[in-house]
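Peer 1: just to be clear, the model below is a prediction. Sequence and coordinates:
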Amino acid sequence: MDKSAFNIPFQHDDINAKIVISLERISEVFRVLLWEYAKEIKLSPIQIQIMIFVAYHKEDLCTVSHLAKEFNLTKPTISDAVKVLEQKKMISKNKTSTDSRSYYISLTADGKKSVSKTEHFASPIRKKIDSFNQEEQESLLKTLSSLIYKLNRSGILSVQRTCYACKFYEKKTENNDFCNLIKTKLNTKDIRLDCPEFEEKV
């Protein structure tokens with residue numbers, strides 16, 4: 001209890017506790033912004049997140065099983081959300097070529113319109129980050145990328161497609177990151193959080 005990040009006296013003297021609380025505050029901002037759009041188009045936040053994800057990812061990632069891992073939710077929860085989206089004609093289900101019992105999700109014309117209305121819900125955060133100088137932006141990206149990777153390695157985040165976890169990534173020296181797929185040195189700004197060519201490191 002004494003060393004809880006939420007314990008104010010402890011938090012005041014512990015930089016890591018302050019960082020944890022800062023991340024919690026930012027997560028609250030995301031929730032608030034997403035709920036505003038959800039109320040406007042009468043969808044739940046997770047339904048909006050599913051549609052935005054489907055809009056920008058290849059079909060083999062747009063299955064109920066993968067979406068459950070992606071959003072750290074149960075398959076029944078994702079299935080319920082998908083059922084509502086289908087009833088509202090926002091998505092369609094398409095049989096996969098490998099298994100006739102499974103399907104992937106794609107957006108309908110109405111779904112694409114809804115995505116165009118909601119996909120910029122995080123713009124207020126982006127605008128604030130735009131005001132940072134390049135050094136601050138790169139430092140923030142490096143720290144967050146590393147944190148995401150470590151949370152994934154410890155099992156807290158079930159899915160991530162960042163360079164650090166990819167089989168093509170190599171750290172040649174302390175300040176020399178390299179992608180063996182495109183045979184290119186990676187600067188901090190080049191590190192991807194969601195790479196379409198990602199293949200998990202074994």
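Peer 2: The structure has been received and is ready for your questions.
Peer 1: quick one: mean pLDDT over stretch 133-152.
Peer 2: For stretch 133-152, mean pLDDT rounds to 94.
Peer 1: buried stuff in that stretch?
Peer 2: For stretch 133-152, burial by neighbour count (16 or more other Cβ atoms under 10 Å) applies to 141, 145, 148-149, 152. All C-beta atoms are positioned from the backbone trio N, CA, C, and that covers glycine.
Peer 1: which other residues reach that stretch?
Peer 2: 129, 132, 157-160, 162-165, 187-189, 191, 193 (Cβ atoms under 8 Å, 6 or more residues apart in numbering).
Peer 1: tell me the domain boundaries of the chain?
Peer 2: For the chain, automatic domain parsing gives the domain ranges 1-131, 141-190.
Peer 1: end-to-end on the last one?
Peer 2: In terms of Cα to Cα, to the nearest Å, the two terminal residues of domain 141-190 are separated by 10 Å.
Peer 1: run the chain-centre distance for that domain.
Peer 2: Centroid separation for domain 141-190 versus its chain: 15 Å, with Cα atoms, centre = their mean, to the nearest Å.
Peer 1: ok, now stretch 19-33?
Peer 2: Offset of stretch 19-33 from its chain centre (Cα atoms, centre = their mean): 14 Å.
Peer 1: please check the contacts of stretch 133-152 and keep the buried ones.
Peer 2: Judged by 16+ other Cβ under 10 Å, buried ones among the contacts of stretch 133-152: 157, 159-160, 162-165, 188, 191.
Peer 1: most widely separated two among these?
Peer 2: Val159 and Thr188 (22.8 Å; Cβ to Cβ).
Peer 1: re the thing from before, in CSV: the domains of the chain, plus distance to Val202.
Peer 2: Formatted as CSV, those follow (distance: least, Cβ to Cβ, whole Å):
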stretch, distance to Val202
domain 1-131, 18
domain 141-190, 7
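Peer 1: show me the one of the ones you listed that comes nearest Glu199.
Peer 2: Nearest of the domains of the chain (Cβ to Cβ): domain 141-190, 4.9 Å.
Peer 1: the longest helix along the chain - contacts with which helices or strands?
Peer 2: Ranked by residue count, the top helix of the chain under DSSP state H comes out as helix 15-41. If contacts are counted by 3 or more Cβ pairs under 8 Å, 6 or more residues apart in numbering; DSSP states H and E, helix 15-41 sits against helix 8-12, helix 45-56, helix 109-118, helix 123-130.
Peer 1: since that was my last question, I'll sign off now.
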